[in-house]
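**Student:** All I have is the shape, not the residue letters:
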């Protein structure tokens, strides 16, 4: 059974403060005498459930169109916490992460999606955990929060560390509490040339 980890895109949805609102404008429709129904979309690259590419924080880094297809699907570990201790407990229960794995980090934060405090004081990924994931040579780290870094962070060291090692970052993922252990993960971003990120359709299913 598959689990859709994606928040739907709709007008009025939460967006990072200062980023463009999602726009969905009808430009033609058969009910108005046109041949077909077509909408114009307006959105930022980091709208909703999305991936960050290295160039988002790393000058000269790879864009989202350069993400290798084999990075975008495969085995993923589901952690239910943001510390090295959680990683150790996971590996004791399910076995070690392997180079090329992906990691989904469930903080229980997606339950606040759409609430007034979604962008306030979310749980952050410890720098120690980020370093441990770099050591394991993972390729994607995704969270159910707006960012793996703390809300107060200006330098965003977790972003810089992961993206600097060519590890894609996923943000605003949904339904991670429904998963456990190792799962299969498919990520489908738009191949935006020069793009610092892209909304993504993210789907997981049993390993």
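**Tutor:** On my side now, so go ahead. All figures in this text were calculated on a predicted structure; none of them were measured in a lab.
**Student:** Check the burial of residue 155 by counting its neighbours.
**Tutor:** For residue 155, the count of nearby residues is 9 (other C-beta atoms under 10 Å). Yep, even glycine has a C-beta here, placed from its N, CA and C like the rest.
**Student:** Next one: it from residue 69, what distance?
**Tutor:** 32 Å (C-beta to C-beta, to the nearest Å).
**Student:** Strands along the chain, start to end?
**Tutor:** 2-4, 23-28, 38-42, 50-52, 73-79, 102-105, 140-143, 168-171, 181-189, 197-206 (DSSP state E).
**Student:** so what's residue 52 up against?
**Tutor:** Counting by C-beta atoms under 8 Å, 6 or more residues apart in numbering, residue 52 makes contact with 46, 159, 163, 168-171, 196-197.
**Student:** can you do 7 Å?
**Tutor:** Residue 52 sits next to 163, 168-169, 171, 196-197 when contact means C-beta atoms under 7 Å, 6 or more residues apart in numbering.
**Student:** Which one of the strands of the chain lies nearest to residue 119?
**Tutor:** Among the strands of the chain, the nearest to residue 119 by C-beta to C-beta is strand 168-171 (11.6 Å).
**Student:** That closest one pairs with which strands?
**Tutor:** strand 50-52 (antiparallel), strand 140-143 (parallel) (DSSP bridges).
**Student:** Identify the residue nearest the geometric centre of the chain.
**Tutor:** residue 170 (1.8 Å; C-alpha atoms, centre = their mean).
**Student:** can the strands of the chain go into a markdown table with extra columns for distance to residue 149?
**Tutor:** Below are the strands of the chain laid out as a markdown table (distance: least, C-beta to C-beta, whole Å):
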| stretch | distance to residue 149 |
| --- | --- |
| strand 2-4 | 26 |
| strand 23-28 | 28 |
| strand 38-42 | 27 |
| strand 50-52 | 11 |
| strand 73-79 | 17 |
| strand 102-105 | 13 |
| strand 140-143 | 10 |
| strand 168-171 | 10 |
| strand 181-189 | 21 |
| strand 197-206 | 15 |
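**Student:** now these in TSV, with mean pLDDT?
**Tutor:** TSV is the format used below for those (pLDDT from 0 to 100):
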stretch	mean pLDDT
strand 2-4	98
strand 23-28	97
strand 38-42	97
strand 50-52	99
strand 73-79	99
strand 102-105	99
strand 140-143	99
strand 168-171	99
strand 181-189	99
strand 197-206	98
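**Student:** Please consider this matter closed, and thank you.
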